[in-house]
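Student: Okay, structure incoming, though there's no sequence with it:
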(Lines give C-alpha, C1' and ligand atoms only; values in the text may rest on other atoms or scores of the structure.)
Protein backbone atom coordinates (compact mmCIF):
# COMPACT_ATOMS: atom_id res chain seq x y z
CA UNK A 1 0.00 0.00 0.00
CA UNK A 2 1.49 3.35 -0.98
CA UNK A 3 1.76 6.33 1.31
CA UNK A 4 -1.14 8.77 1.04
CA UNK A 5 0.65 11.63 2.74
CA UNK A 6 -2.20 11.76 5.29
CA UNK A 7 -2.09 10.99 9.01
CA UNK A 8 -2.65 7.28 9.62
CA UNK A 9 -4.41 6.02 12.72
CA UNK A 10 -2.56 3.05 14.23
CA UNK A 11 -5.60 1.97 16.22
CA UNK A 12 -4.78 -1.74 15.71
CA UNK A 13 -1.38 -3.23 14.97
CA UNK A 14 0.03 -6.65 14.14
CA UNK A 15 3.61 -7.74 14.79
CA UNK A 16 4.78 -10.64 12.62
CA UNK A 17 7.95 -11.92 14.28
CA UNK A 18 9.02 -15.31 15.60
CA UNK A 19 11.69 -14.17 18.07
CA UNK A 20 10.16 -13.61 21.52
CA UNK A 21 12.63 -10.93 22.63
CA UNK A 22 12.02 -8.93 19.47
CA UNK A 23 8.27 -9.43 19.87
CA UNK A 24 8.36 -7.89 23.34
CA UNK A 25 10.54 -5.02 22.14
CA UNK A 26 8.19 -4.15 19.28
CA UNK A 27 5.12 -4.46 21.49
CA UNK A 28 6.65 -1.94 23.89
CA UNK A 29 7.42 0.46 21.03
CA UNK A 30 3.89 0.22 19.65
CA UNK A 31 2.36 0.66 23.10
CA UNK A 32 3.80 4.17 23.14
CA UNK A 33 2.03 4.90 19.84
CA UNK A 34 -1.22 3.01 20.37
CA UNK A 35 -1.65 3.15 24.14
CA UNK A 36 -3.29 -0.22 24.75
CA UNK A 37 -1.95 -3.76 24.52
CA UNK A 38 -5.45 -4.93 23.60
CA UNK A 39 -4.96 -3.29 20.21
CA UNK A 40 -1.71 -5.12 19.50
CA UNK A 41 -1.49 -8.73 18.41
CA UNK A 42 1.53 -10.91 17.61
CA UNK A 43 1.97 -13.71 15.08
CA UNK A 44 5.04 -15.90 14.78
CA UNK A 45 4.45 -17.28 11.29
CA UNK A 46 2.99 -16.46 7.89
CA UNK A 47 0.00 -18.73 8.50
CA UNK A 48 -0.84 -17.18 11.87
CA UNK A 49 -0.32 -13.70 10.43
CA UNK A 50 -2.82 -14.30 7.62
CA UNK A 51 -5.41 -15.43 10.16
CA UNK A 52 -4.68 -12.41 12.36
CA UNK A 53 -5.00 -9.96 9.47
CA UNK A 54 -8.32 -11.48 8.40
CA UNK A 55 -9.81 -11.51 11.91
CA UNK A 56 -8.10 -8.64 13.72
CA UNK A 57 -7.99 -6.30 10.69
CA UNK A 58 -4.96 -4.29 11.83
CA UNK A 59 -4.24 -0.86 10.41
CA UNK A 60 -0.51 -1.53 10.65
CA UNK A 61 1.50 -4.74 10.23
CA UNK A 62 5.20 -4.91 11.09
CA UNK A 63 6.56 -7.86 9.10
CA UNK A 64 9.84 -9.67 9.59
CA UNK A 65 11.46 -11.03 6.42
CA UNK A 66 12.57 -14.40 7.80
CA UNK A 67 9.69 -16.48 9.15
CA UNK A 68 9.61 -20.21 9.98
CA UNK A 69 6.99 -21.15 7.39
CA UNK A 70 7.66 -18.72 4.59
CA UNK A 71 9.00 -15.43 3.31
CA UNK A 72 7.91 -12.06 4.65
CA UNK A 73 7.76 -10.79 1.08
CA UNK A 74 5.03 -13.31 0.31
CA UNK A 75 3.03 -12.08 3.30
CA UNK A 76 3.41 -8.41 2.39
CA UNK A 77 2.23 -9.14 -1.14
CA UNK A 78 -0.74 -11.16 0.20
CA UNK A 79 -1.77 -8.36 2.55
CA UNK A 80 -1.50 -5.82 -0.26
CA UNK A 81 -3.73 -7.93 -2.48
CA UNK A 82 -6.26 -9.19 0.08
CA UNK A 83 -6.34 -6.46 2.75
CA UNK A 84 -5.13 -3.19 1.16
CA UNK A 85 -6.35 -1.14 4.14
CA UNK A 86 -3.58 -2.71 6.23
CA UNK A 87 -0.33 -0.79 5.92
CA UNK A 88 2.77 -2.99 5.97
CA UNK A 89 6.24 -2.08 7.17
CA UNK A 90 9.13 -4.51 6.80
CA UNK A 91 11.40 -4.74 9.83
CA UNK A 92 14.36 -7.00 9.50
CA UNK A 93 17.97 -7.82 10.28
CA UNK A 94 18.52 -8.14 6.51
CA UNK A 95 19.47 -5.06 4.55
CA UNK A 96 20.23 -6.59 1.17
CA UNK A 97 19.28 -4.17 -1.60
CA UNK A 98 17.31 -6.69 -3.65
CA UNK A 99 15.24 -7.76 -0.63
CA UNK A 100 14.46 -4.14 0.25
CA UNK A 101 13.38 -3.34 -3.30
CA UNK A 102 11.28 -6.50 -3.43
CA UNK A 103 9.53 -5.57 -0.17
CA UNK A 104 8.71 -2.11 -1.45
CA UNK A 105 7.47 -3.49 -4.77
CA UNK A 106 5.27 -5.94 -2.86
CA UNK A 107 3.54 -3.08 -1.07
CA UNK A 108 5.51 -2.17 2.08
CA UNK A 109 5.57 1.57 2.84
CA UNK A 110 8.80 1.29 4.79
CA UNK A 111 11.80 -0.90 5.54
CA UNK A 112 13.36 -0.64 9.00
CA UNK A 113 16.36 -2.37 10.54
CA UNK A 114 16.13 -4.17 13.89
CA UNK A 115 19.65 -3.07 14.76
CA UNK A 116 18.48 0.52 15.25
CA UNK A 117 17.89 1.61 18.83
CA UNK A 118 14.41 2.12 20.22
CA UNK A 119 14.45 5.89 19.80
CA UNK A 120 15.27 5.60 16.09
CA UNK A 121 12.60 2.96 15.46
CA UNK A 122 10.06 4.99 17.41
CA UNK A 123 10.82 8.08 15.33
CA UNK A 124 10.52 6.03 12.13
CA UNK A 125 7.13 4.64 13.13
CA UNK A 126 5.92 8.13 14.05
CA UNK A 127 6.98 9.33 10.60
CA UNK A 128 5.06 6.49 8.96
CA UNK A 129 2.01 7.32 11.11
CA UNK A 130 2.16 10.85 9.71
CA UNK A 131 1.87 9.36 6.23
CA UNK A 132 5.52 9.06 5.31
CA UNK A 133 7.19 6.21 3.45
CA UNK A 134 10.43 5.51 5.26
CA UNK A 135 13.51 3.43 4.48
CA UNK A 136 16.35 3.10 6.95
CA UNK A 137 18.80 5.89 5.96
CA UNK A 138 21.77 3.54 5.56
CA UNK A 139 19.78 1.23 3.29
CA UNK A 140 18.43 4.18 1.30
CA UNK A 141 21.95 5.35 0.48
CA UNK A 142 22.96 1.85 -0.57
CA UNK A 143 19.89 1.46 -2.77
CA UNK A 144 20.59 4.75 -4.53
CA UNK A 145 24.14 3.58 -5.24
CA UNK A 146 22.84 0.15 -6.25
CA UNK A 147 20.29 1.55 -8.71
CA UNK A 148 22.78 4.05 -10.09
CA UNK A 149 25.37 1.33 -10.70
CA UNK A 150 22.82 -0.99 -12.27
CA UNK A 151 21.60 1.75 -14.59
CA UNK A 152 25.17 2.48 -15.64
CA UNK A 153 26.04 -1.16 -16.26
CA UNK A 154 22.67 -1.97 -17.85
CA UNK A 155 21.27 1.06 -19.72
CA UNK A 156 17.97 -0.74 -20.31
CA UNK A 157 17.27 -0.38 -16.58
CA UNK A 158 17.17 3.41 -16.91
CA UNK A 159 14.42 3.23 -19.50
CA UNK A 160 16.55 3.41 -22.66
CA UNK A 161 15.28 0.95 -25.23
CA UNK A 162 17.13 2.08 -28.33
CA UNK A 163 19.45 -0.92 -28.33
CA UNK A 164 17.39 -3.25 -26.15
CA UNK A 165 14.84 -5.82 -27.25
CA UNK A 166 11.20 -4.90 -26.74
CA UNK A 167 8.77 -7.05 -24.82
CA UNK A 168 7.56 -8.57 -28.07
CA UNK A 169 11.12 -9.56 -28.98
CA UNK A 170 11.58 -11.58 -25.79
CA UNK A 171 9.47 -14.69 -25.73
CA UNK A 172 9.32 -16.09 -22.20
CA UNK A 173 7.23 -19.15 -21.62
CA UNK A 174 4.39 -18.96 -19.10
CA UNK A 175 6.48 -20.86 -16.55
CA UNK A 176 9.54 -18.64 -17.15
CA UNK A 177 7.38 -15.55 -16.67
CA UNK A 178 6.03 -16.98 -13.40
CA UNK A 179 9.53 -17.71 -12.12
CA UNK A 180 10.73 -14.27 -13.17
CA UNK A 181 8.08 -12.70 -10.93
CA UNK A 182 9.40 -14.72 -7.97
CA UNK A 183 12.99 -13.71 -8.78
CA UNK A 184 11.94 -10.05 -8.84
CA UNK A 185 10.40 -10.43 -5.38
CA UNK A 186 13.68 -11.67 -3.95
CA UNK A 187 12.93 -15.38 -3.57
CA UNK A 188 15.83 -17.82 -3.81
CA UNK A 189 15.77 -20.78 -6.20
CA UNK A 190 15.05 -23.09 -3.27
CA UNK A 191 12.10 -20.95 -2.14
CA UNK A 192 10.75 -20.77 -5.68
CA UNK A 193 11.01 -24.55 -5.91
CA UNK A 194 8.96 -24.90 -2.71
CA UNK A 195 6.35 -22.45 -3.94
CA UNK A 196 5.94 -24.01 -7.38
CA UNK A 197 6.35 -27.69 -6.45
CA UNK A 198 9.27 -28.06 -8.86
CA UNK A 199 12.78 -29.23 -8.02
CA UNK A 200 15.54 -26.72 -7.30
CA UNK A 201 17.47 -28.01 -10.33
CA UNK A 202 14.46 -27.40 -12.57
CA UNK A 203 14.19 -23.85 -11.26
CA UNK A 204 17.89 -23.31 -11.93
CA UNK A 205 17.33 -24.49 -15.50
CA UNK A 206 14.47 -22.04 -16.00
CA UNK A 207 16.53 -19.25 -14.43
CA UNK A 208 19.41 -19.86 -16.83
CA UNK A 209 16.97 -19.80 -19.73
CA UNK A 210 15.59 -16.46 -18.53
CA UNK A 211 19.13 -15.06 -18.26
CA UNK A 212 19.88 -16.20 -21.80
CA UNK A 213 16.72 -14.67 -23.26
CA UNK A 214 17.26 -11.37 -21.44
CA UNK A 215 20.98 -11.37 -22.30
CA UNK A 216 22.04 -10.98 -18.66
CA UNK A 217 24.16 -12.98 -16.24
CA UNK A 218 22.74 -12.28 -12.78
CA UNK A 219 19.47 -12.01 -10.85
CA UNK A 220 19.95 -8.29 -10.31
CA UNK A 221 20.50 -7.63 -14.01
CA UNK A 222 17.53 -9.84 -14.90
CA UNK A 223 15.21 -7.85 -12.61
CA UNK A 224 16.32 -4.48 -13.95
CA UNK A 225 16.20 -5.65 -17.58
CA UNK A 226 12.79 -7.24 -17.15
CA UNK A 227 11.45 -4.15 -15.39
CA UNK A 228 12.67 -1.89 -18.20
CA UNK A 229 11.03 -4.19 -20.76
CA UNK A 230 7.70 -4.25 -18.97
CA UNK A 231 7.88 -7.94 -18.13
CA UNK A 232 7.20 -7.53 -14.42
CA UNK A 233 3.72 -7.09 -12.99
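Tutor: Arrived safely, thanks for sending. Only a predicted model underlies this, so the values are computations on that prediction, with no experimental measurement involved.

Student: domain ranges for the chain?
Tutor: Structurally, the chain divides into domains by automatic domain parsing as follows: 13-136, 149-228.

Student: Return the most buried member of these.
Tutor: Ranked by mean neighbour count, these are led by domain 13-136 with a mean of 19 (mean count of other Cβ atoms under 10 Å). For glycine as for every other residue, the C-beta is placed from the backbone atoms N, C-alpha and C.

Student: downstream neighbour of the helix or strand bottoming out on mean pLDDT in the chain in the secondary structure list?
Tutor: Within the chain, confidence by mean pLDDT, DSSP states H and E is lowest for helix 137-153 among all helices and strands, at a mean of 60. Remark: after helix 137-153, the chain's next helix or strand is helix 174-184, criterion DSSP states H and E.

Student: Can you get me the centre-to-centre distance for that next one and its chain?
Tutor: Chain-centre distance of helix 174-184: 16 Å, with Cα atoms, centre = their mean, to the nearest Å.

Student: give the contact list for the residue nearest to the spatial centre of the chain.
Tutor: In the chain, the centroid-proximal residue (Cα atoms, centre = their mean) is residue 103; its distance is 1.2 Å. Applying Cβ atoms under 8 Å, 6 or more residues apart in numbering to residue 103 gives the contacts 65, 72-73, 76, 90, 111, 186.

Student: Confirm it sits in a helix?
Tutor: Yes. Residue 103: assigned to a helix according to DSSP: H, G, I helix; E, B strand; the rest coil.

Student: contact partners of stretch 70-86?
Tutor: Taking Cβ under 8 Å, 6+ apart as the rule, stretch 70-86 contacts 1, 14, 16, 45-47, 49-50, 53-54, 57-61, 63-67, 88, 90, 92, 99, 102-103, 106-108, 185-187, 191, 195.
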